[in-house]
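Undergrad: give me coordinates for this.
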Amino acid sequence: MFYAPVLFKTLGFGDDASLMSAVITGLVNVAATVVSIYCADKFGRRVLFLQGGTQMIICQIAVGVMIAINFGTDGVGKLSGPSANVVLFLICVYVAAFAWSWGPLGWLVPSEICPLEIRSAGQAINVSVNMFFTFVIGQFFLSMLCHMKFGLFYSRWLGHHYDHLHILLLA
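TA: Numbering: from 1, shown residues only. All right, here's what the predicted structure looks like:
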């Protein structure tokens with residue numbers, strides 16, 4: 001979400017279109033977070049983790065394939081109008097899946113699994129680790145995008161789901 005306008009601009013959207021695409025994904029994020037608020041207790045954390053994770057896997061692979069087809073390994077190319085809309089749609093579906101599953105539940109579940117006596121310390125560690133890796137990703141995303149091109153979408157999926165596997169097993 002930090003670099004959404006840059007990512008959309010890199011994919012061939014114009015200046016205004018890349019900013020509008022970032023606004024659209026932000027609105028999808030907010031709306032899907034509201035879905036999570038109402039569904040976490042109704043359907044359970046595990047269901048949301050599994051559903052959201054599956055949806056994110058499919059979207060990451062599809063976006064990677066779309067970028068690979070249109071830009072290849074040299075990173076030179078252009079998305080046609082329909083292809084750009086498909087990529088925007090896939091990214092919105094990914095953002096929605098994250099916003100109603102791994103995003104908010106990554107904060108909720110760790111706070112629930114620690115006993116009351118150590119809950120504040122456990123949550124402090126969770127927040128510290130989360131913020132540290134958010135910082136690392138924010139620092140390296142653009143250079144990774146330039147070097148890895150469409151492969152970044154596959155590595156992001158592997159890294160994200162490997163780091164959060166323990167949450168899924170505990171849920």
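Undergrad: quick one, domains of this structure?
TA: Following the TED database, one finds the domains of the chain at 2-113, 123-170.
Undergrad: just name the most buried of the ones you listed.
TA: Compared across the domains of the chain, domain 2-113 shows the largest average neighbour count, a mean of 17 (mean count of other C-beta atoms under 10 Å). For glycine as for every other residue, the C-beta is placed from the backbone atoms N, C-alpha and C.
Undergrad: how far is it from where the chain is centred?
TA: 5 Å (C-alpha atoms, centre = their mean, to the nearest Å).
Undergrad: in terms of helices and strands, where is the closest residue to Gln55 other than its chain neighbours?
TA: Distances taken as C-beta to C-beta, 6 or more residues apart in numbering put Ala97 closest to Gln55, at 3.7 Å, once the chain neighbours are dropped. For Ala97, the host element (DSSP states H and E) is helix 81-99.
Undergrad: following that helix, which helix or strand comes up?
TA: For helix 81-99, the following helix or strand on the C-terminal side (DSSP H and E) is helix 102-113.
Undergrad: that older thread, okay, the domains of the chain in CSV with mean pLDDT next?
TA: Below are those laid out as CSV (pLDDT from 0 to 100):
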stretch, mean pLDDT
domain 2-113, 86
domain 123-170, 71
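Undergrad: ok and the helix holding Ala97 relative to helix 102-113, angle-wise?
TA: Calculated by axes from the mean of the first three to the mean of the last three C-alpha atoms, to 10 degrees, helix 81-99 forms an angle of 10 degrees with helix 102-113.
Undergrad: what sits up against helix 81-99?
TA: 1, 8, 11-13, 21, 24-25, 28-33, 35-36, 51-53, 55-56, 59-60, 62-63, 66-67, 70, 79 (C-beta atoms under 8 Å, 6 or more residues apart in numbering).
Undergrad: and for stretch 14-29?
TA: Contacts for stretch 14-29 (C-beta under 8 Å, 6+ apart): 1, 4-6, 8-9, 13, 88, 91-92, 95-96, 98-99, 103.
Undergrad: ok, stretch 59-72 next?
TA: Here stretch 59-72 has contacts from 11, 77-80, 83, 86-87, 90-91, 93-94, 97, 149-151, 153-154, 156-157, using C-beta under 8 Å, 6+ apart.
Undergrad: return the alpha-carbon coordinates of it using CSV.
TA: Below are the C-alpha coordinates for stretch 59-72, written out as CSV (Å, rounded to 0.1, in the frame of the first residue of the first chain):
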residue,chain,number,x,y,z
CYS,A,59,-4.3,-13.2,-6.9
GLN,A,60,-0.5,-13.1,-6.4
ILE,A,61,0.0,-15.8,-8.9
ALA,A,62,-2.4,-14.2,-11.4
VAL,A,63,-0.8,-10.8,-11.1
GLY,A,64,2.7,-12.3,-11.5
VAL,A,65,1.5,-14.1,-14.6
MET,A,66,-0.1,-11.0,-16.1
ILE,A,67,3.1,-9.0,-15.5
ALA,A,68,5.3,-11.8,-16.8
ILE,A,69,3.3,-12.0,-20.0
ASN,A,70,3.2,-8.3,-20.6
PHE,A,71,6.7,-7.2,-19.3
GLY,A,72,8.8,-10.4,-19.4
